[in-house]
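*Asks:* structure, please.
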Amino acid sequence: MSDGKYFSTTKKGEIHELKEELRSLEHSKKKESVKKVIAAMTVGKDVSMLFPDVVNCMQTEDLELKKLVYLYLINYAKTQPDLAIMAVNTFVKDSQDPNPLIRALAVRTMGCIRVDRITEYLCDPLQRCLKDDDPYVRKTAAVCVSKLYDINPELVEDRGFLDMLKDMLGDPNSMVVANALASLQEIQEISGKDYLNLPSATLLKLLSALNECSEWGQVSILDALAVCRVSDPRDAEKIVERVIPRLQHVNSAVVLSAVKVILRMMTFCEDGGAVSGDLIRTWGRKMAPPLVTLLSAEPEVQYVTLRSAQLIVQRRPEVLANEIKVFFCKYNDPLYVKMEKLEVMIWLVNERTVDQVLLELKEYAQEVDVDFVRRAVRAIGRCALSLENATAKCVDVLLSLIQSRVSYVVQEAVVVMKDIFRRYSGRYEGVISVLCENLNCLDEPEAKSSMIWIIGEYAERINNADELLETFLETFPEETAQVQLQLLTATVKLFLKKPTETAQKLISLVLSCATSETDNPDLRDRAFIYWRLLSTDPEVAKDVVLIAKPPISDDATALDPLLLDQLLAQVGTLAAVYHKQPESFISRQRLMVQQVDENGLGSLKSYYGLSYQEDAGVKVGRGGERGERGLLYGTDKEGGPGAAAAAAAATIATTTTAASAPAPLPAPTTAVVANLLDLDGPSPSVAAEEVMTAAAAA
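*Replies:* Predicted structure coming up:
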């Protein structure tokens, strides 16, 4: 019968029946009862009260029953530390059993039972097993050393287990070598000490074992080679020669680990200058086909490969420069794969391939998936920012997409065109009229703020700029802070560039709304600054508000070079998928381990373990926009400098107000801004009249 029957019982009095069956003299009935106990434990029932009865079942020659009892012990030893000591004699006896499976099972279980008193009895059996004649026992014991180090590092160092592990790197069995190496890596991560500074002779032994061990053993060896210190370029060449065949392995983890090793050796050889550039380029060309092959695997493998490929092309775009067509999206690709392919395409595009890429992106922008379409339109803009000679082609593609009148396409195109205007100031101004014809399609804050920025920036070239801004101002109180801030700045730009009567009315309206009808401190502070600038000196206001802005570049997804080097050393791990250092999403902290004290009451001792913590990452905006997100101009968002000023001003006395001014606000922290926010000055309309008079006189 199937073992599923053990999970189906929910009758009352089950624990009592199990206890009676565990005490039975019949071997078959005892084995059945242990299976029921394990099933109950698996589904979350508390069967810890059966601990003494289950421990009594350890004295058996039945390997299956022994495995079940050991599994129970691993799970409940931490809650029954006193009773767990009862099993020590059986563990020690089993570690000397003629059957190597039982010897290995005993050592493995003792290492998993995290009771400090048991670790004292583990040392002698572990030393014997590390020198056992059977390789299966040795490789199991090697892993047990890292578990013991987790609990008691001093004991491992005092008993010489680390030296024994290093000696095992020369073991004739490849799996023993791989497990010893994996154990040393784990100990190095826990302790922070360098235990993998291996001599050249040991590295050659590791390379010899690479061909014989299993795929996961190969991953362990390759990961160790990626962090080992290499002092001789000739050793680096030998390592790459032995590792390159691993690129053809069927296991994707082995392939990515091999890529990581080759990248590390390429960097080492380049820095040393002892290896010819042709050889390094040859190594790079040999990495491309395996990566391409992984892109035909399952979507999950494709995703991991694409995330790693983004790191590789940022450092070495020549590796995949001729494979850009491989990253063209297929109709049946999942959305998360399509998004990553787009990212790699943008990193690889050049003037030779830009026509093909734009053709693909135009097709993507006409698909039904809204998120993918938006990302495709943004990708067109990134091509324009990175390839100046291809910008005209990108603009033509954007114009053709705008003609489709699809709302979300038009809105993304407006955002992209704003970036293009920032990058190439004074060019492609003929597009503005087309954008102005599609104002009715704009309903998203980012698209609205981008269009308002364009109107304010090119107000002198747009005949009806005042009418367009007036359309947006009709809904000023209902708009988001991002749009309100942009409307305020654009209206001031319009007034300074075209000081007409309509502009005067608009500036009076927006300053009045921003100072008296809003609770947003950023908007209010900026409005008062503009108000005082306009009322004090219009020429100074022009110098501040209409200052030439620095061009932006497409570095939205570019990683810091230092972080990029660290992530390239983590290819094949979650760090390379998240594009974050391991410390940012995983922390080592001491978990709780039961330690039996002399009175048998139990005390707590901690050991290193893994736990997740919230990643307090920094959001990086599109490159160059930071120059606009100041107090005075550009695409702004909530939480700007005004918020900090308002918070700091809580302890500063406020100034008095005139009858015509809005309610008093806290004074900002600096004397200069405090002068600008002098609320005893003229009202917005008076300030506008003064500027009009000055402009007419000029």
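*Asks:* what are the buried residues along the lengthiest helix in the chain?
*Replies:* Looking across the chain with DSSP state H, the single longest helix is helix 252-272. Buried residues in helix 252-272, counted by 16 or more other CB atoms under 10 Å: 252-269. All C-beta atoms are positioned from the backbone trio N, CA, C, and that covers glycine.
*Asks:* tell me how many other residues crowd residue 61.
*Replies:* 10 (other CB atoms under 10 Å).
*Asks:* for it, helix, strand, or coil?
*Replies:* Using DSSP: H, G, I helix; E, B strand; the rest coil, the structure places residue 61 in coil.
*Asks:* returning to what we had before: average pLDDT across the longest helix of the chain?
*Replies:* On average, the pLDDT along helix 252-272 is 89.
*Asks:* other SSEs contacting it?
*Replies:* Secondary-structure packing of helix 252-272 (3 or more CB pairs under 8 Å, 6 or more residues apart in numbering; DSSP states H and E): helix 215-227, helix 233-243, helix 277-294, helix 299-315, helix 561-568.
*Asks:* residue 449 is nearest to which of the ones you listed?
*Replies:* Ranking the helices and strands packed on helix 252-272 by proximity to residue 449 (CB to CB) places helix 299-315 first, at 29.0 Å.
*Asks:* send the alpha carbons of the closest one over as CSV?
*Replies:* Output in CSV follows, covering the C-alpha atoms of helix 299-315 (Å, rounded to 0.1, in the frame of the first residue of the first chain):
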residue,chain,number,x,y,z
PRO,A,299,12.0,30.3,-18.7
GLU,A,300,13.4,30.2,-15.1
VAL,A,301,16.9,29.3,-16.4
GLN,A,302,16.6,31.9,-19.1
TYR,A,303,15.8,34.6,-16.4
VAL,A,304,18.8,33.7,-14.3
THR,A,305,21.0,33.7,-17.4
LEU,A,306,19.7,37.0,-18.6
ARG,A,307,20.2,38.7,-15.2
SER,A,308,23.8,37.4,-15.2
ALA,A,309,24.2,38.4,-18.9
GLN,A,310,23.4,42.0,-17.9
LEU,A,311,26.3,42.0,-15.5
ILE,A,312,28.6,40.5,-18.1
VAL,A,313,27.7,43.0,-20.9
GLN,A,314,28.3,45.9,-18.6
ARG,A,315,31.8,44.8,-18.0
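*Asks:* just how off-centre is it within its chain?
*Replies:* 13 Å (CA atoms, centre = their mean, to the nearest Å).
*Asks:* can you check stretch 439-458 too?
*Replies:* The answer for stretch 439-458 is 32 Å, by CA atoms, centre = their mean.
*Asks:* average model confidence for that stretch?
*Replies:* In this model, stretch 439-458 has an average pLDDT of 92.
*Asks:* who's in contact with that stretch?
*Replies:* If you take CB atoms under 8 Å, 6 or more residues apart in numbering as the criterion, stretch 439-458 is touched by 405, 407, 410-412, 414-415, 417-418, 421, 429, 432, 435-436, 462, 465, 468-469, 471-472, 479-480, 482-483, 485-487, 489-494, 634-636.
*Asks:* buried residues, that stretch. List them.
*Replies:* Result for stretch 439-458 [16+ other CB under 10 Å]: buried residues 439, 441-442, 444-458.
*Asks:* go on, stretch 183-192?
*Replies:* Within stretch 183-192, the residues scored as buried using 16+ other CB under 10 Å are 183, 184, 185, 186, 187, 188.
*Asks:* can you tell me which residues contact the residue most central in space within the chain?
*Replies:* For the chain, residue 578 is the residue whose C-alpha lies nearest the centre (CA atoms, centre = their mean; 2.8 Å). Listed by CB under 8 Å, 6+ apart, the contact partners of residue 578 are 584, 585.
*Asks:* so how far is residue 567 from it?
*Replies:* Counting by CB to CB, to the nearest Å, the gap from residue 578 to residue 567 is 9 Å.
*Asks:* repeat for residue 253
*Replies:* 17 Å.
*Asks:* same question, residue 448
*Replies:* 36 Å.
*Asks:* one more: residue 502?
*Replies:* In this view, residue 502 and residue 567 are 54 Å apart by CB to CB.
*Asks:* again with residue 131
*Replies:* Using CB to CB, residue 131 is found at 40 Å from residue 567.
*Asks:* how about the strands in the stretch 51-200 of the chain?
*Replies:* Assigned strands in the stretch 51-200 of the chain: none (criterion: DSSP state E, counting those that start in this stretch).
*Asks:* run through it and note the low-pLDDT ranges.
*Replies:* Nowhere does the stretch 51-200 of the chain drop to pLDDT under 70.
*Asks:* any chance you could map the helices in it?
*Replies:* Under the criterion DSSP state H, counting those that start in this stretch, the stretch 51-200 of the chain contains helices at 51-55, 63-76, 81-84, 88-94, 100-112, 116-130, 135-151, 153-158, 161-168, 174-191, 200-210.
*Asks:* now render those as JSON lines, adding distance to residue 561.
*Replies:* Shown next, in JSON lines, are the helices of the stretch 51-200 of the chain (distance: least, CB to CB, whole Å):
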{"stretch": "helix 51-55", "distance to residue 561": "56"}
{"stretch": "helix 63-76", "distance to residue 561": "45"}
{"stretch": "helix 81-84", "distance to residue 561": "50"}
{"stretch": "helix 88-94", "distance to residue 561": "52"}
{"stretch": "helix 100-112", "distance to residue 561": "41"}
{"stretch": "helix 116-130", "distance to residue 561": "43"}
{"stretch": "helix 135-151", "distance to residue 561": "33"}
{"stretch": "helix 153-158", "distance to residue 561": "35"}
{"stretch": "helix 161-168", "distance to residue 561": "34"}
{"stretch": "helix 174-191", "distance to residue 561": "24"}
{"stretch": "helix 200-210", "distance to residue 561": "28"}
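*Asks:* quick one, which of those helices is nearest to residue 359?
*Replies:* Closest approach to residue 359 among the helices of the stretch 51-200 of the chain is made by helix 200-210 (44.0 Å; CB to CB).
*Asks:* circling back to that earlier point, the longest helix of the chain to helix 215-227, inter-axis angle?
*Replies:* 20 degrees (axes from the mean of the first three to the mean of the last three CA atoms, to 10 degrees).
*Asks:* now do the end-to-end distance for stretch 124-135.
*Replies:* End-to-end distance for stretch 124-135: 18 Å, by CA to CA, to the nearest Å.
*Asks:* do you know how far residue 362 is from residue 379?
*Replies:* To residue 379, residue 362 is 11 Å away according to CB to CB.
*Asks:* let me fix that, I meant to ask about residue 22.
*Replies:* Plainly put, residue 22 is 65 Å away from residue 379 if you go by CB to CB.
*Asks:* cool, and residue 415?
*Replies:* When residue 415 is compared with residue 379 (using CB to CB), they lie 13 Å apart.
*Asks:* repeat that for residue 202.
*Replies:* For residue 202 relative to residue 379 (CB to CB), the value is 48 Å.
*Asks:* more neighbours, the two?
*Replies:* residue 379 (23 against 17).
*Asks:* in three-state terms, label that one for me.
*Replies:* helix.
*Asks:* so what pLDDT did it get?
*Replies:* 94.
*Asks:* how close does residue 219 sit to residue 210?
*Replies:* 10 Å.
*Asks:* now the strands for the stretch 451-600 of the chain?
*Replies:* Using DSSP E, counting those that start in this stretch, strands in the stretch 451-600 of the chain cover 586-595.
*Asks:* return the alpha-carbon coordinates of the longest helix of the chain using PDB.
*Replies:* The C-alpha coordinates for helix 252-272 follow below in PDB (Å, rounded to 0.1, in the frame of the first residue of the first chain):
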ATOM      1  CA  SER A 252      23.200  25.400 -16.000                       C
ATOM      2  CA  ALA A 253      24.700  25.900 -12.500                       C
ATOM      3  CA  VAL A 254      28.000  24.400 -13.700                       C
ATOM      4  CA  VAL A 255      28.000  26.600 -16.900                       C
ATOM      5  CA  LEU A 256      27.400  29.800 -14.900                       C
ATOM      6  CA  SER A 257      30.100  28.800 -12.300                       C
ATOM      7  CA  ALA A 258      32.500  28.200 -15.200                       C
ATOM      8  CA  VAL A 259      31.700  31.600 -16.700                       C
ATOM      9  CA  LYS A 260      32.400  33.200 -13.300                       C
ATOM     10  CA  VAL A 261      35.800  31.500 -13.100                       C
ATOM     11  CA  ILE A 262      36.800  32.600 -16.600                       C
ATOM     12  CA  LEU A 263      35.700  36.200 -16.000                       C
ATOM     13  CA  ARG A 264      37.800  36.300 -12.800                       C
ATOM     14  CA  MET A 265      40.900  34.900 -14.600                       C
ATOM     15  CA  MET A 266      40.400  37.300 -17.500                       C
ATOM     16  CA  THR A 267      40.400  40.200 -15.100                       C
ATOM     17  CA  PHE A 268      43.500  38.900 -13.300                       C
ATOM     18  CA  CYS A 269      45.400  38.400 -16.600                       C
ATOM     19  CA  GLU A 270      44.500  41.800 -17.900                       C
ATOM     20  CA  ASP A 271      45.700  43.500 -14.700                       C
ATOM     21  CA  GLY A 272      48.900  41.600 -14.800                       C
END
